[in-house]
Structures are given as structure tokens and as C-alpha cells.
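[1] With the input below, show me the fold.
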Amino acid sequence: MIHANDSRLHVVDALRGFALTAIALLHNIEHFDFYYTPTTLPAWMPPIDKAIWDTLFFLFAGKAYAIFSLLFGLTFFIQTDNQAKKGKSFNARFAWRLVLLFCFGLFNSMFYQGDILGTYAIIGFVLIPASYLGDKALFWVAVILMLQPYEWFNVYKAAQNPTQQITDPASWAYFGKMAPYITGNSFIDTVVGNLTNGKKAVALWTLESGRVFQTAALFMLGLLAGRKSLFNITHKSKRFWRNVLYISAIGFIPLFYGSKNISLFTESAAVSRPLELIISSWSNLAFMLVLVSGFILLFQKPGFHRTLNVFSPLGRMSMSNYIIQSIMGSFIYYGYGLGIYKFAGSTYAVLIGIGLITMQIFFSRWWMKNHKQGPMESIWHKLTWLNAK
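    This next block holds a predicted model:
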């Protein structure tokens, strides 16, 4: 078990910082949720842009957020376990902590509508009843959620009428309304648009993409990983992550192939949509486990430890850095700021992202030398423990 007096789990800090870096690179090439292809690029650049886009989406799309979700559940375990050792329950305090997280998410959404903090705050409530489950029950509930039961219901419905016409996802209509306030020069209009139209788009997309069930499952698996001390560096945990690496790498290959070749399973467009979502979510899970297990194993090797540990300061204040990315990213790309979306394809955008991440690493390193927590984390901590005895 993980105890309060144990040395800090630096591998978790580094892994969280790595995930944050991956998310930042994706957000930059997406222009922070505003998909736009510049028309003034030289002819040689679009092929490079496409290669960068495809590579980053293959490596990190649907995986980086999943790492964050897994570690969110782990953090819940650590906090709950520490309080349990003092003879206290953390559940009520955690519920209040989630309310605060939702408020941070609203603030972040002012700048970037694709915020995940608010989503985590809502789904995070499943961890409270989940904490009462035994290990086996917790595992099987997570498995059932990861199987995407709602999408299997959609597959069943579609199979009853396979020739039915399918309509665009509801979220597309709201995403289609973004351009006026994202490209406009008014910060107020951007904030209002993000908090109204934008939040509707993201909420619907979260439901339509299967993220609700998958996120809840990953929260629970993170909780279970904490109970099993899987992030502690022991011979047993090394063996576990080695097995995870082999199994997930082998499993990823057919899952990825299947997700890209749904026509092998059905010719019905109505059946294909939910089936593709299901297999893609499993494919992303498998590759996420490849990234996590590979990172943990490499982190323990002297030749890689120093390099990977560069991400640790970034991960120790991940919420602060996530919000700072939203503020800086929206200013760089949106119309109320520099409007760089008009000029930056994936090549330029990824260079901007690398520059921003590099500055954040140096800032985080400096900040953590002088403070125990990041600025947002410190506020969150103090508000969490208001009136605590």
C-alpha cells in the first residue's frame, strides 16, 4: 500500500507531466479546438503538416487524457488512504473537492471550451461509491464500463434496422457555430461563446464519444492500481508492468486494425458507427497501457531516468499548467489575441507547442523549488480543507 510517509512517487509526477505535454501538442495542432487549415502555406508544407498531425494523433489522441484519468483515480486512493490511517473518511471532503474542481473547470472553459476538469469533476463522483467495493468487484465494474455497454445497445438497435439513415452527431451542430466568436476580436464574445455553445458541444461530444464510460472505468482502475501499489517501484510491480507491456502491445495490433477496417464486420453504416467507437476505445486503451508501462519501466533505467524526470516538475503542478496552457493557447490562436490560427499549420503549431511546454518546464522547476504546490493546486488544497480540524 502507499503510505503518507513514503517517498514521493516521482514516476507518477513524470508520467502526469508527459501526458500534459502530449495534450499540449495535440491542443496546439488543433488550434485549441478550432480546426482551420491555413491557405497561405508553401506547397511543400501541407504534406509535412499531415504527417505531423497523423503521427501525434496516432500516438496521443485518446491516450494522453486516459493517462490523466488513470492517475486521477490513483490520486483519489492516495488521499483516501492517508485519511483512513488517521481514522477519517475522505469522501465528504472529496465531494467538496470535486465541486471546487468544477469551478476551476468553468474558469478554464472561459478560455478553452474543451476543458476536461469540469468533466472529471462530474464523473469523479463515481469514485465515492466505488471506494466501498472490494478489489474484484471494482475490477469487474471497470471492465463492464470499459466494454462500452451503451454503444453495444446502439449496435443492437442499429442491427434491427441496418439500412436506416444515420444523422450527424448532435455535437457537430454546436461545433459548427464556433467560428464567429473564435475568429472575432472580442474576448467577451469568446468567453460567452465558450461557456454557452462551447460547453454544450463538449458535453454532447463527451457522451457521443464514449468518454463517460471510459473515464469512469479508468478512474476505478487508477483506484485499484493504488490499492495494489502498482506505481511503487518493486520487483512485483516491475513484473506486472512488463506483462502489461507485452499483452497490451500484442492486443493493440488487431484492435487498431479492426478500428480502421470496420467494413470487415459489417456493411451497415448504422452499425459501423457505434462498433467503430467501441473498438477504437479499446485500441486507445491498449496503446495507453503501452505508453504507461513503457514509461514506468524506462523511468527505472539510469539511462532514461534523467531524461524522463524532466517532466516531473510539470506534473507536480499539472492543473496550473493545464489552465495556463488554455490561457496562452487561446490568446495565441484565437481572434481576440494574435489570431495565429490563420497562419499556423501543424508544423508551426507543434513548434509553438514545444516552445510553450519548454517554458512551462522551466517555470515549474523554478516554482517547485520555492513552493510545495503549484498556484492553482495551492488554492484547491486550501479550499478543500476549509474548517478542517
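[2] which residues touch residue 225?
    By CB atoms under 8 Å, 6 or more residues apart in numbering, the residues touching residue 225 are 70, 73, 74, 77, 231. Every residue, glycine included, has its C-beta placed from N, CA and C.
[3] for residue 249, that is, sorry about that
    By CB under 8 Å, 6+ apart, residue 249 lies in contact with 286, 290.
[4] what about it, which SS state?
    The three-state assignment at residue 249 reads helix, by DSSP: H, G, I helix; E, B strand; the rest coil.
[5] how much space is there between it and residue 217?
    Distance of residue 249 to residue 217, computed by CB to CB, to the nearest Å: 20 Å.
[6] do residue 293 as well
    Residue 293 is 18 Å from residue 217, by CB to CB.
[7] higher neighbour count, those two?
    residue 217 (25 against 20; other CB atoms under 10 Å).
[8] so that one makes contact with residue 140?
    No - look at residue 217 against residue 140 with CB atoms under 8 Å: they stay out of range, at 10.8 Å.
[9] Any chance of CSV for the contacts of residue 225, columns pLDDT?
    Below are these laid out as CSV (pLDDT from 0 to 100):
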residue, pLDDT
70, 97
73, 97
74, 97
77, 96
231, 94
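[10] surely residue 59 meets residue 22?
    Yes - taking contacts as CB under 8 Å, residue 59 lies within contact range of residue 22: 7.3 Å.
[11] what's in contact with stretch 362-369?
    Outside stretch 362-369, the residues that reach it (CB under 8 Å, 6+ apart) are 313, 314, 316, 317, 321, 374, 375.
[12] Quick check on the residues you listed: which are buried?
    Neighbour counting with 16 or more other CB atoms under 10 Å marks 313, 314, 316, 317, 321, 374 as buried within these.
[13] With respect to residue 151, which of those is nearest?
    When those are compared for distance to residue 151 (CB to CB), residue 321 comes out closest, at 32.8 Å.
[14] Could you find the closest non-adjacent residue to the closest one?
    Spatial nearest neighbour of residue 321, excluding adjacent residues (CB to CB, 6 or more residues apart in numbering): residue 360 at 5.2 Å.
[15] what's the answer for residue 343, then?
    residue 38 (5.5 Å).
[16] so what pLDDT did that neighbour get?
    With respect to pLDDT, residue 38 scores 92.
[17] do residue 54 as well
    96.
[18] My guess is residue 374 contacts residue 322. True?
    No - contact criterion CB under 8 Å: residue 374 and residue 322 do not qualify, at 9.9 Å.
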